[in-house]
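Novice: can you look at this prediction? I've put the sequence above it.
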Amino acid sequence: MKCQDAEKYIMKYMDGEISKQEAEQLNEHIQHCPGCKRDFEFYDAMVELFEEMPLYEAPADFEMQVMLQIQTLEEGKQYCHIKNRIWGHIWGTFTVLFGTGAILAFYKEEIMASLAQQPYFDRWLSGLGPIEATIAQQGEALQAMTENVSLWTDKILVNSGGILLMLLSIACGIQYMLLKRKKETDKVRHR
Ligand SMILES: [Zn+2]
């Protein structure tokens, strides 16, 4: 027997998996090989030491405690997930709202003009009856206002509102994208 085989047999002996025949071969080898004898005695002493050591049993509720902790962690993750989803909806909605507001502020006249040209909108307006006149008056007033160069300040004010809405829309859009990306990375991490 080679020392390499003896080493394998020693491991088998440690695991209690050695056969009687193998044990005899190992015994014969260590009688003539001081190196393997020393190894065998060392491991044998280790096994004895472990067997003498008192067994420390985990407390009865150890498993339950671990499961509880895992559950708490999972719930926290779940809560975080739902929270992110809600915030995602909120930021998404605000992005659209502010964006629409900005577009309306910038292209108010154009939108009003194109709406007035729509036959359905026209009919809807006429369906409003007495209010129609008021709206028509206001439309004329609006036209007069935009045509009047002296009222440029109003236009600038409206546009600055539009710019503010646009910036808010962009800010919400960024928040939305960040949350979405965080959700993606979380998904990858939990995979
Ligand atoms: Zn040997």
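Specialist: That came through, no problem.
Novice: how about stretch 97-112: buried residues?
Specialist: The neighbour-count check on stretch 97-112 (16 or more other C-beta atoms under 10 Å) flags Phe98, Gly99, Gly101, Ala102, Ile103, Ala105, Phe106, Lys108, Met112 as buried. Yep, even glycine has a C-beta here, placed from its N, CA and C like the rest.
Novice: helices of the chain, start to end?
Specialist: If DSSP state H is used as the criterion, the helices of the chain fall at 3-15, 20-32, 34-52, 62-106, 108-117, 119-127, 130-147, 152-190.
Novice: give me the mean pLDDT for the fourth one.
Specialist: Helix 62-106 shows a mean pLDDT of 79.
Novice: where in this protein is pLDDT low?
Specialist: Counting by pLDDT under 70, the chain has low-confidence residues at 54-59, 79, 119-136, 138, 141-159, 186-191.
Novice: domain map for it?
Specialist: According to automatic domain parsing, the chain comprises the domains 3-52, 83-190.
Novice: distance to the ion for those domains - can I get that in JSON lines?
Specialist: As requested, the domains of the chain are arranged in JSON lines below (distance: least, C-beta to the ion, whole Å):
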{"stretch": "domain 3-52", "distance to the ion": "3"}
{"stretch": "domain 83-190", "distance to the ion": "50"}
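Novice: in JSON lines: these, plus distance to Gly76.
Specialist: JSON lines is the format used below for the domains of the chain (distance: least, C-beta to C-beta, whole Å):
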{"stretch": "domain 3-52", "distance to Gly76": "39"}
{"stretch": "domain 83-190", "distance to Gly76": "10"}
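Novice: which one of the ones you listed lies nearest to Gln69?
Specialist: Checking the domains of the chain against Gln69 by C-beta to C-beta gives domain 83-190 as the closest, at 17.0 Å.
Novice: OK, contacts around Glu63?
Specialist: Contacts here follow C-beta atoms under 8 Å, 6 or more residues apart in numbering; on that basis Glu63 touches nothing.
Novice: right, I mislabeled it, should have said Lys12
Specialist: Neighbours of Lys12 in contact, by C-beta under 8 Å, 6+ apart: Ile18, Glu22.
Novice: how about the residue in the chain that sits furthest from its center?
Specialist: Ranking residues of the chain by C-alpha distance from their mean position (C-alpha atoms, centre = their mean) puts His32 at the top, at 64.9 Å.
Novice: tell me the contacts of Leu97?
Specialist: By C-beta under 8 Å, 6+ apart, the residues touching Leu97 are Ser169.
Novice: most neighbours per residue, which of the helices of the chain?
Specialist: Each of those was assessed for mean neighbour count using mean count of other C-beta atoms under 10 Å. The highest is helix 3-15, with a mean of 15.
Novice: angle of it against helix 20-32?
Specialist: Angle of helix 3-15 versus helix 20-32, following axes from the mean of the first three to the mean of the last three C-alpha atoms, to 10 degrees, is 120 degrees.
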